[in-house]
Structures are given as structure tokens and as C-alpha cells.
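[1] model the structure of this input:
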Amino acid sequence: MVGRGSYTCRWKTAILASRGCGSLRPMSDKTPSEEFELKIREAAEAMIARHGPEVENETTEKMIEVLDTGSIEDVLYWLKVRQRVRQTIGRDRYIRRLPDKIIWAIEQAIEQGRSQLARLLGGIYSESKAEDDKIR
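    From the prediction side, this is the model:
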């Protein structure tokens, strides 16, 4: 049996998102569609070209924005774009500050299909980020 946070479960979630499904129920073990991967790759490359060194911050903000207002499929899309950006630019996840730790928790909640928790953490992230920005 595949664990909830495993590689296979994350791809199942991506497949659901690419097919426009409304729920995050498990499905058979398959790889994501090439079309979905192409969309993710193109979006990541466009974001990198547009935002340069600030690209990871921009993808984080976009993911939080759609978490507050969009469907879970949109959130999954931006999560995958964010992960592709990190992979493309060769940057490891930065988790020293509290807002970064909360974003990581949001990613994990989304990957596990816990959308209500992800939305709750999104509000906490926004407050934490605002406080962090005041300090900096």
C-alpha cells in the first residue's frame, strides 16, 4: 500500500488536477499526463523568465492567492509549478523562517489531499508573512 505522502500519491493528485476532477480521491498508479507536465514546465519557465531571483516568492504568493480564492485543482497546479521552479533553478527548499515552514506544511497538506487544512494554514501563512515583513 502506498503512503499518503509518497511519490505515487502526489502524482495521483496531479493526475486528478490535470483531469479537472473535483475530489482528491486515490486512483490507480499512473504517471501524470505529458500534457499536464508540459503545462507545468512552460509555466515554471515563464515565471523564471519574468521574475528572476524572486521567482520562488512569486510562485508562493500565487499558490496562497489561489488557496484563498480558487479551486483545489488550481492550488495543485501552482504547487507543481513551484516545485518545478525549485527543481529548474536548483534551489533547495528554504525553511529557516516561520512563513517558509508554514508553506512547507501547506505543500504537505495539499499533497496528502487535506485541502481544508491547507486553506487554514494559508491564512496563518498570510499573517505570519505580514509580521515577518514588518521585522525585515
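
[2] now for the nearest residue to residue 82 once chain neighbours are set aside, how many residues are close by?
    Leaving out its chain neighbours, the residue that sits closest to residue 82 by Cβ to Cβ, 6 or more residues apart in numbering is residue 59, at 4.0 Å. Using the backbone N, CA and C atoms, a C-beta is placed for each residue, glycine as well. By the other Cβ atoms under 10 Å criterion, the neighbourhood of residue 59 contains 24 residues.

[3] OK, contacts around residue 59?
    Going by Cβ atoms under 8 Å, 6 or more residues apart in numbering, residue 59 touches 47, 78, 81, 82, 85.

[4] switch the cut-off to 10 Å
    Under the criterion of Cβ atoms under 10 Å, 6 or more residues apart in numbering, the contact partners of residue 59 comprise 43-44, 47-48, 51, 78-86.

[5] for the spatially most central residue of the chain, give its distance to residue 107.
    With distances taken as Cα atoms, centre = their mean, residue 79 lies nearest the centre of the chain, 1.7 Å away. Residue 79 sits at a distance of 6 Å from residue 107 (criterion: Cβ to Cβ, to the nearest Å).

[6] again with residue 36
    The spacing between residue 36 and residue 107, counted by Cβ to Cβ, is 18 Å.

[7] name the residues of the lengthiest helix in the chain that are buried.
    When the chain is scanned for its longest helix (criterion: DSSP state H), the result is helix 115-135. For helix 115-135, the neighbour count (16 or more other Cβ atoms under 10 Å) marks 115, 118, 119, 121, 122, 125, 126, 128, 129 as buried.

[8] just want the phi and psi numbers for residue 71.
    When read as degrees, to the nearest 10, the backbone of residue 71 gives phi -80, psi 160.

[9] residues near it, how many?
    Burial of residue 71 is recorded as 13 neighbouring residues (other Cβ under 10 Å).

[10] done for today, thanks.
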